[in-house]
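1. Predicted model, plus sequence, below.
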Amino acid sequence: MNDPLLWISAISATCGCFFFVAGSIGLLRLPDIYSRLHALTKADGLGLGLVVLAAMLQQEHWIPVIKLGMVWLLILFTGASVSLLTARTALETKVPWWRKEEA
């Protein structure tokens, strides 16, 4: 394996893990469901993309690369759909938006 390719792959995987952790922290720390959905879907989509890119760079043939890309696209579409349905249900059931309390 080429050293530059290995380094790019390692950096991509590390950055992907960073975005996964950032999305998880956003899920735990943000105040309302809408902010949490935004942080989770954006950060996890990017984090997964970077991890998949790292895995793609390690493959020797095109078939696994295509399969990894299809899995990434499937998870992106699924995450966006679930996020939309969750936000729509929260709006329909009148889940309140976060408001800063005046002291």
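-> Cool, the structure landed.

2. Could you list the buried residues of stretch 31-45?
-> Of all the residues in stretch 31-45, those buried under the rule 16 or more other C-beta atoms under 10 Å are 33-34, 36-37, 39-45. Every C-beta, even on glycine, is put in place using the N, C-alpha and C of the backbone.

3. An error on my part: the question was meant for stretch 55-73.
-> Buried positions in stretch 55-73, judged by neighbour count with 16+ other C-beta under 10 Å: 55-57, 65, 68, 72.

4. Off-centre distance for that stretch?
-> Mean-position distance between stretch 55-73 and its chain equals 18 Å (C-alpha atoms, centre = their mean, to the nearest Å).

5. Contacts for it, please.
-> 1, 5, 8-9, 12-13, 48-49, 52 (C-beta atoms under 8 Å, 6 or more residues apart in numbering).

6. Out of those, list just those in strands.
-> Taking DSSP state E, every one of the contacts of stretch 55-73 sits outside strands.

7. Pull the most distant pair out of these.
-> With distances taken as C-beta to C-beta, the most widely separated pair in those is 1 and 48, at 22.7 Å.

8. So which of these two has more stuff around it?
-> residue 48 (19 against 9; other C-beta atoms under 10 Å).

9. All good on my end, thank you.
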